[in-house]
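Trainee: dropping the sequence and predicted coords here.
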Protein chains: 2
Amino acid sequence: MSIANPSTSEDLGSAAQRERRKRILDATYDLATSGGFDAVQMRAVAERADVALGTLYRYFPSKIHLLVSALGRQFEDASARLNEREIPGDTQAERVLYVLKRMARGMQGDPKLTEALTRAFMFADSSVSNEIHVVGMAMTTIVTHAMHGGTPDEGAITEDDVAIARVIGDVWLSALVAWVTGRSTAEETAAHMEKAVHLILRD
Amino acid sequence: MSIANPSTSEDLGSAAQRERRKRILDATYDLATSGGFDAVQMRAVAERADVALGTLYRYFPSKIHLLVSALGRQFEDASARLNEREIPGDTQAERVLYVLKRMARGMQGDPKLTEALTRAFMFADSSVSNEIHVVGMAMTTIVTHAMHGGTPDEGAITEDDVAIARVIGDVWLSALVAWVTGRSTAEETAAHMEKAVHLILRD
DNA sequence: GCATAATTTGGAACACGTTCCACTACGTTC
DNA sequence: GAACGTAGTGGAACGTGTTCCAAATTATGC
């Protein structure tokens, strides 16, 4: 068995396997974008990725793993894009809100996709902890990076910074869930985040 | 149709109906307590509550509604119990942490039950918003009550108080999800909450 | 190139949430 | 107490996540 757990392993296997994995994630993405969580049906993903159902399950042991992996890829992309530039804003709160709003805008542009990924994230159990960890790290990195102004070495990141970033991440996640599940509007979510960030980061 | 939506309506119908509803929620409770989310199977709930499957669905239109209703009952009980007494602690942070720890202890004593209810809460969509609202209100009330020291009229509750309580509720929910899904231990959760509350409530 | 192992395939089968339906029991109205 | 409408019953059936398996295909070591 050369690939014990293709979804998280560093060793991504042969080119054909990497290609299959990408096709699967792309299919997941497409289906989630057009129809949300319910539209990501394992048979549909397999068919669109041109892969047998059994193969799909060999690469991703459950629908949740699949979606959380897709979420991880998206977050890592976003994190990479945000972290290579300076963040505008004079205070920590302003900068953090800047990146949060930016991410929110991106997510609101793809509500179905966001719904699918968020649902999966919230439903994941410990068997998905590796994939979850990727998302959590990306989130924390984004926030601490913004706190520090976007310049790579403008002061080391302290434990306190990380704690703060995690709290903000928590609020953000709860707000996201409320929005995704239709319990609050985009405006309410934005206002709530603004309030929370100012509460936590009183520069 | 005398009961349009028995799970949220004020009018709870005849005594027999109230009795059935209680039996269903009790069965849900028992199954969730012993086996968590997965053990709450609609056929099993129906059988244990001595009710036909169709009847179960008439009272609660989905498994999620059922579990969130159960969560609502639990939260309202907890809220009522907490709100009729004074909360010890000299600062807002201390008092809030007191109630949070108290609730955490209760939940950790019934991990499977907590897992089932939290999962359902996180998975609920807008069709469950009534039931969700009950839980959210109870949570906010518990926190604002603690902030104000537990004496009923020791200062009115301001909008700001509610905003703070909601933020704390958000962090608490995220922490709960992380704990429930086995991604963090009870100790980590407690430490994180402590940090967050002190960050938000610097008396 | 062959033998062997690993992977993929196609599809059947199972579990559980949900829907549906024909039938029965109950309670309300006159 | 007869007729009617509402609620409850028992159970079949469907959809989708998941598991399983035998056969076909591909990769690997010699």
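Mentor: Thanks, I have it.
Trainee: other residues contacting stretch A:111-131?
Mentor: The contact list for stretch A:111-131 (CB atoms under 8 Å, 6 or more residues apart in numbering or on different chains) reads A:7-8, A:29, A:32-37, A:39-40, A:61-72, A:74, A:107-108, A:132, A:135, A:173, A:176-177, A:180-181, B:119, B:122-123, B:177, B:181-183. Heads up, the C-betas are built off the backbone N, CA and C, glycines and all.
Trainee: 6 Å - rerun?
Mentor: Applying CB atoms under 6 Å, 6 or more residues apart in numbering or on different chains, the set of residues contacting stretch A:111-131 from outside is A:8, A:32-33, A:36-37, A:40, A:64-65, A:67-69, A:71-72, A:107, A:132, A:176, A:180, B:122-123, B:181-183.
Trainee: report the buried members of those residues.
Mentor: Neighbour counting with 16 or more other CB atoms under 10 Å in any protein chain shown marks A:8, A:32-33, A:36-37, A:40, A:64-65, A:67-69, A:71-72, A:107, A:132, A:176, A:180, B:122-123, B:181, B:183 as buried within those.
Trainee: residue boundaries of the helices in chain A?
Mentor: Assigned by DSSP state H, the helices in chain A fall at A:15-39, A:42-49, A:53-59, A:63-83, A:92-108, A:111-123, A:129-147, A:159-180, A:186-200.
Trainee: need those in TSV with distance to B:Glu86 and mean pLDDT, can you?
Mentor: Listed next are the helices of chain A as TSV, based on distance: least, CB to CB, whole Å; pLDDT from 0 to 100:
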stretch	distance to B:Glu86	mean pLDDT
helix A:15-39	45	93
helix A:42-49	54	97
helix A:53-59	55	97
helix A:63-83	44	89
helix A:92-108	35	93
helix A:111-123	36	91
helix A:129-147	37	89
helix A:159-180	28	92
helix A:186-200	26	94
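Trainee: so which of the ones you listed is the most packed in?
Mentor: Greatest average neighbour count among the helices of chain A goes to helix A:111-123 (a mean of 23), per mean count of other CB atoms under 10 Å in any protein chain shown.
Trainee: so is that helix next to DNA strand C?
Mentor: No. Under the criterion of CB under 7 Å from any atom of the strand, DNA strand C is not reached by helix A:111-123; the shortest gap measures 12.9 Å.
Trainee: any idea of the angle that helix forms with helix A:129-147?
Mentor: Angle, helix A:111-123 to helix A:129-147, by axes from the mean of the first three to the mean of the last three CA atoms, to 10 degrees: 120 degrees.
Trainee: check the offset of helix A:111-123 from the chain's centre.
Mentor: Mean-position distance between helix A:111-123 and its chain equals 9 Å (CA atoms, centre = their mean, to the nearest Å).
Trainee: CA atoms only: put that helix into CSV for me.
Mentor: Extracted in CSV, the C-alpha atoms of helix A:111-123 (Å, rounded to 0.1, in the frame of the first residue of the first chain):
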residue,chain,number,x,y,z
PRO,A,111,-22.6,31.3,-1.1
LYS,A,112,-23.3,27.7,-2.1
LEU,A,113,-19.6,26.7,-2.0
THR,A,114,-19.3,28.5,1.4
GLU,A,115,-22.3,26.7,2.7
ALA,A,116,-21.0,23.3,1.7
LEU,A,117,-17.5,23.8,3.1
THR,A,118,-18.7,25.4,6.3
ARG,A,119,-21.3,22.7,6.9
ALA,A,120,-18.6,20.0,6.4
PHE,A,121,-16.2,21.8,8.7
MET,A,122,-18.8,22.0,11.5
PHE,A,123,-19.8,18.4,11.1
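Trainee: do it and DNA strand D meet?
Mentor: No. Applying CB under 7 Å from any atom of the strand, one finds helix A:111-123 out of contact with DNA strand D, separated by at least 9.6 Å.
Trainee: got the contact list for stretch A:53-64?
Mentor: So stretch A:53-64 is in contact with A:Pro6, A:Ser7, A:Arg21, A:Ile24, A:Met42, A:Ala46, A:Leu66, A:Ala120, A:Phe123, A:Ala124, A:Val128, going by CB under 6 Å, 6+ apart.
Trainee: mind doing that once more with 8 Å?
Mentor: If you take CB under 8 Å, 6+ apart as the criterion, stretch A:53-64 is touched by A:6-7, A:20-21, A:24, A:40, A:42-43, A:45-46, A:49, A:66, A:69, A:120, A:123-125, A:127-128.
Trainee: ends of it, how far apart?
Mentor: 15 Å (CA to CA, to the nearest Å).
Trainee: check whether it comes into contact with DNA strand C.
Mentor: Yes. Counting by CB under 7 Å from any atom of the strand, DNA strand C is contacted by stretch A:53-64 at A:Leu53, A:Gly54, A:Thr55, A:Arg58, A:Tyr59.
Trainee: with that, I have no additional questions.
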